[in-house]
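Peer 1: Task: produce atomic coordinates for the following.
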Amino acid sequence: MFNDIIVKNFTEPVFVGEIPEASEVIELGNPVCGDRIKVQLQMEDGRVSAARYQAWGCATSLAAGNVFCSHVHGRPFTELLAIPGAEVDSMLGELEPSQHHCLEMLRSLFERLQASLAQPR
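Peer 2: So this is what the prediction gives:
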C-alpha cells in the first residue's frame, strides 16, 4: 500500500526531466532491487536554482526522486547542509517494510549532495 506522499509524487511528478548542462549530477542505485535515481541540479548564487530527476524502479523510488528535488529546489546551500537526518527520514511518510530501500536511497541523495556542498567551490 502507498501512502499519500508516495501517490502524489508518483502520479503528479513536478521535477521529472533533465538539465542538459547541470552543475551537479547525483546518480545512485540499489543493487538488490535494481532501482536507480539520477538527479541533475543547477547551482547558482549559493542555491539550487533547478532540480530534475529520472528514476527507474518501483513507484516509491520514482516518488523519492520527486520528493528530493522538491526539497532542494530553490534552497540555499547553507540550508541544505543543515538538513537533519530526522527530517529526511520523514519526507516519504510511513513506509511498508518493502519500501524502506527507497528511504535509504533518499538518505543517500542528501548525503551525497551535502558532501558535494561541503567541498570548496
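Peer 1: Now do the biggest helix by length in the chain: everything it contacts.
Peer 2: Counting residues, the longest helix found in the chain (DSSP state H) is helix 100-118. Helix 100-118 is contacted by residues 24, 26, 28, 30, 32-33, 35, 37, 39, 41, 58, 60-61, 63-64, 67-68, 72, 77, 80-81, 83, 85, 88-89, 91-92, 95 when judged by CB atoms under 8 Å, 6 or more residues apart in numbering. To be clear about C-beta, it is placed using only N, CA and C from the backbone, and glycine gets the same treatment.
Peer 1: what about it, distance to the chain center?
Peer 2: Here the centre of helix 100-118 is set off from its chain's centre by 7 Å, with CA atoms, centre = their mean, to the nearest Å.
Peer 1: pLDDT (mean, whole number) over it?
Peer 2: The pLDDT scores in helix 100-118 average 96.
Peer 1: send the alpha carbons of it over as PDB?
Peer 2: Extracted C-alpha coordinates of helix 100-118, given in PDB (Å, rounded to 0.1, in the frame of the first residue of the first chain):
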ATOM      1  CA  HIS A 100      12.400   1.000   3.100                       C
ATOM      2  CA  HIS A 101      15.100   0.700   0.500                       C
ATOM      3  CA  CYS A 102      13.700   3.800  -1.100                       C
ATOM      4  CA  LEU A 103      14.300   5.700   2.200                       C
ATOM      5  CA  GLU A 104      17.900   4.600   2.100                       C
ATOM      6  CA  MET A 105      18.200   5.900  -1.500                       C
ATOM      7  CA  LEU A 106      16.700   9.300  -0.400                       C
ATOM      8  CA  ARG A 107      19.100   9.500   2.500                       C
ATOM      9  CA  SER A 108      22.000   8.700   0.100                       C
ATOM     10  CA  LEU A 109      20.900  11.500  -2.200                       C
ATOM     11  CA  PHE A 110      21.000  14.000   0.600                       C
ATOM     12  CA  GLU A 111      24.300  12.700   1.900                       C
ATOM     13  CA  ARG A 112      25.900  13.000  -1.500                       C
ATOM     14  CA  LEU A 113      24.600  16.500  -2.000                       C
ATOM     15  CA  GLN A 114      25.800  17.600   1.400                       C
ATOM     16  CA  ALA A 115      29.200  16.000   0.800                       C
ATOM     17  CA  SER A 116      29.400  17.900  -2.500                       C
ATOM     18  CA  LEU A 117      28.300  21.200  -1.000                       C
ATOM     19  CA  ALA A 118      30.900  20.800   1.800                       C
END
